[in-house]
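1. Give the three-dimensional model of this entry:
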Amino acid sequence: MKPLIFGYMRVPKDMPDEEARRREGEMDAYAQAEGLTLATIFHEFEAVQRSAFAELLLALQRTEARHVVVPSLRDLALTDRLQDALVLQIECEANAQVVSLDEL
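-> The predicted model follows:
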């Protein structure tokens, strides 16, 4: 069985469905190219909430998955400081690596 990877993305109310599907497809294509299985994508629908992020952390802690893919670090947060803090939280609490597709 291939190692697991989780996806995480924000889906603002004004994001067209086609854009959301395109971003999901890019995460799946990355997983396949890296020999990983995209287990699920956690979707955050509210700008100020982090409930899907909390679910992602729990899923990482319960499984052997050690990778997270995001379309952009802006999906985690808008500011660099908060992005860095959330990446560090994933690394420290779940021993997982975050890959941002816009940085490849």
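2. helices or strands next to the longest helix seen in the chain in the packing?
-> Ranked by number of residues, the top helix in the chain under DSSP state H is helix 17-33. On a contact count with 3 or more Cβ pairs under 8 Å, 6 or more residues apart in numbering; DSSP states H and E, helix 17-33 meets strand 4-10, strand 37-44, strand 67-70. (Glycine included, C-beta is placed from N, CA and C.)
3. okay, the angle between the longest one and helix 17-33?
-> In this case it means strand 37-44. Angle of strand 37-44 versus helix 17-33, following axes from the mean of the first three to the mean of the last three Cα atoms, to 10 degrees, is 150 degrees.
4. cool, and the first one?
-> Angle, strand 4-10 to helix 17-33, by the same axes, to 10 degrees: 160 degrees.
5. Output the helices and strands packed on helix 17-33 in JSON lines, with distance to residue 16 appended to each entry.
-> Listed next are the helices and strands packed on helix 17-33 as JSON lines, based on distance: least, Cβ to Cβ, whole Å:
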{"stretch": "strand 4-10", "distance to residue 16": "14"}
{"stretch": "strand 37-44", "distance to residue 16": "15"}
{"stretch": "strand 67-70", "distance to residue 16": "19"}
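6. number of nearby residues for residue 64?
-> Residues within reach of residue 64, counting by other Cβ atoms under 10 Å, total 8.
7. show me what contacts it?
-> 3, 4 (Cβ atoms under 8 Å, 6 or more residues apart in numbering).
8. Can you pull the phi and psi angles for it?
-> Main-chain torsions, residue 64, degrees, to the nearest 10: phi -90, psi 10.
9. Please tell me how far it sits from residue 57.
-> 15 Å (Cβ to Cβ, to the nearest Å).
10. Check residue 73 too.
-> 17 Å.
11. With residue 79 instead?
-> 20 Å.
12. Between these two, tell me which one has more neighbours.
-> residue 57 (20 against 10).
13. and the host helix or strand of that one, what other elements does it pack with?
-> Using DSSP states H and E, residue 57 sits in helix 51-62. For helix 51-62, the packing partners by 3+ Cβ pairs under 8 Å, 6+ apart come out as strand 4-10, strand 37-44, helix 80-94.
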